[in-house]
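Colleague: what would the 3D arrangement of this be:
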Amino acid sequence: MAVDAADAAPDPRALGRRTRTQQLADRLVAAIAVGAFSPGERLPPERELARLQDVSRVTVRDALKQVAELGLVEARRGRDGGTFVTATDPQAAGAEGTRRVLEDELARLADLFDYRCLVEGTVARTAAIRGTESERAALRDLLAQFRATSEPARARELDRLLHGQVTAMTHNDHLAALCVQLTTEATLGFASEPYPADSLARAAHEHAELADAVAAGRAEEAARLATAHFSLTRELLEAGLDRARRRA
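Modeller: Okay, here's the model as predicted:
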């Protein structure tokens, strides 16, 4: 029986949907592989992932299904349900996508990583000059909480709060908005810093040095430390790329 050409030809919209779905699935696998989401951690809701990645919720839902098929996430029902990370080591089927994503991102964002380090140096310098005593005390408290945790997901949350406190100490809303934007762009669009467990000791040490300099008002030292500290994100993505290349 003859097949009508319209029936035989794939729907361009469906092809586009599949392409966007696969791209997002690869980005999610890459984010998990570099430690931007940790085992046991709940992913952002579908609507938030759709906003961050500028895709539809249907695309998010289909991408999550693909990631679940790799055994990296699972859906849980109930009051505290959602999509949770179950592992951080992508199977070989996901390693190629991770390699492709990280190669593209690292090449595309080279200047942005440099820009982010420069901006965060300015933020730290300004915070050291303008911070109040109560703000400095709050910063020291967040540092103590960070140093006390051994859980990557909790460390990521405290990292966000600690750097948010430094930014708040600049008393400049434009700098605060810029820092949020740069963090999102530097972390595969998920606004979630990579925190593999083996990076915690280094992060705690660097946070201690930075928070101490800011709280003590040592502006130039704070700027230098922040500029160096924010290179960690790029280094963790590069390490993730090396692992993906070996697996792929």
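
Colleague: outline the domain layout of this protein.
Modeller: Listed domain ranges for the chain are 5-92, 106-247 (source: automatic domain parsing).

Colleague: confidence-wise, which of those is weakest overall?
Modeller: The minimum mean pLDDT among the domains of the chain belongs to domain 5-92 (a mean of 86).

Colleague: ramachandran angles for the spatially most central residue of the chain?
Modeller: In the chain, the C-alpha nearest the mean C-alpha coordinate belongs to S192, at 2.7 Å (C-alpha atoms, centre = their mean). With angles defined as degrees, to the nearest 10, S192 sits at phi -130, psi 110.

Colleague: now do the helices in this protein.
Modeller: 5-8, 12-33, 46-53, 57-69, 92-108, 110-130, 133-148, 152-168, 173-186, 200-215, 219-229, 232-247 (DSSP state H).

Colleague: Serialize those helices to JSON lines and add fields for mean neighbour count.
Modeller: Heads up, the C-betas are built off the backbone N, CA and C, glycines and all. Converted to JSON lines, those look like this (neighbours: other C-beta atoms under 10 Å):
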{"stretch": "helix 5-8", "mean neighbour count": "7"}
{"stretch": "helix 12-33", "mean neighbour count": "19"}
{"stretch": "helix 46-53", "mean neighbour count": "16"}
{"stretch": "helix 57-69", "mean neighbour count": "19"}
{"stretch": "helix 92-108", "mean neighbour count": "18"}
{"stretch": "helix 110-130", "mean neighbour count": "19"}
{"stretch": "helix 133-148", "mean neighbour count": "16"}
{"stretch": "helix 152-168", "mean neighbour count": "20"}
{"stretch": "helix 173-186", "mean neighbour count": "16"}
{"stretch": "helix 200-215", "mean neighbour count": "19"}
{"stretch": "helix 219-229", "mean neighbour count": "20"}
{"stretch": "helix 232-247", "mean neighbour count": "18"}
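
Colleague: can you redo those helices as CSV with distance to R77?
Modeller: Shown next, in CSV, are the helices of the chain (distance: least, C-beta to C-beta, whole Å):
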stretch, distance to R77
helix 5-8, 38
helix 12-33, 20
helix 46-53, 14
helix 57-69, 14
helix 92-108, 25
helix 110-130, 39
helix 133-148, 32
helix 152-168, 21
helix 173-186, 29
helix 200-215, 32
helix 219-229, 40
helix 232-247, 31
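
Colleague: about what we covered before: okay, the domains of the chain in a markdown table with distance to T98 next?
Modeller: Listed next are the domains of the chain as a markdown table, based on distance: least, C-beta to C-beta, whole Å:
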| stretch | distance to T98 |
| --- | --- |
| domain 5-92 | 4 |
| domain 106-247 | 4 |
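
Colleague: one step back: among the helices of the chain, which comes closest to R79?
Modeller: R79 lies closest to helix 46-53 among the helices of the chain, at 17.1 Å (C-beta to C-beta).

Colleague: now what about the closest one, what contacts it?
Modeller: Around helix 46-53, the neighbours that count as contacts under C-beta atoms under 8 Å, 6 or more residues apart in numbering are 24, 27, 43-44, 56-57, 59-61, 64, 184, 189-191.

Colleague: same question for stretch 232-244.
Modeller: In contact with stretch 232-244 (C-beta under 8 Å, 6+ apart) are residues 30, 33-35, 90, 95-96, 98-99, 102-103, 105-106, 113, 116, 186-187, 193-194, 196, 199, 202-203, 206.

Colleague: work out the gap between it and the centre of the chain.
Modeller: 12 Å (C-alpha atoms, centre = their mean, to the nearest Å).

Colleague: please export the C-alpha coordinates of it as CSV.
Modeller: C-alpha atoms of stretch 232-244 as CSV (Å, rounded to 0.1, in the frame of the first residue of the first chain):
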residue,chain,number,x,y,z
LEU,A,232,36.5,27.0,41.3
THR,A,233,33.3,26.6,39.3
ARG,A,234,35.2,26.5,36.0
GLU,A,235,37.7,24.0,37.5
LEU,A,236,35.0,21.7,38.6
LEU,A,237,33.3,21.8,35.1
GLU,A,238,36.7,21.1,33.6
ALA,A,239,37.2,18.1,35.9
GLY,A,240,33.7,16.9,35.0
LEU,A,241,34.6,17.1,31.3
ASP,A,242,37.7,15.1,31.9
ARG,A,243,35.7,12.3,33.5
ALA,A,244,33.1,12.4,30.8
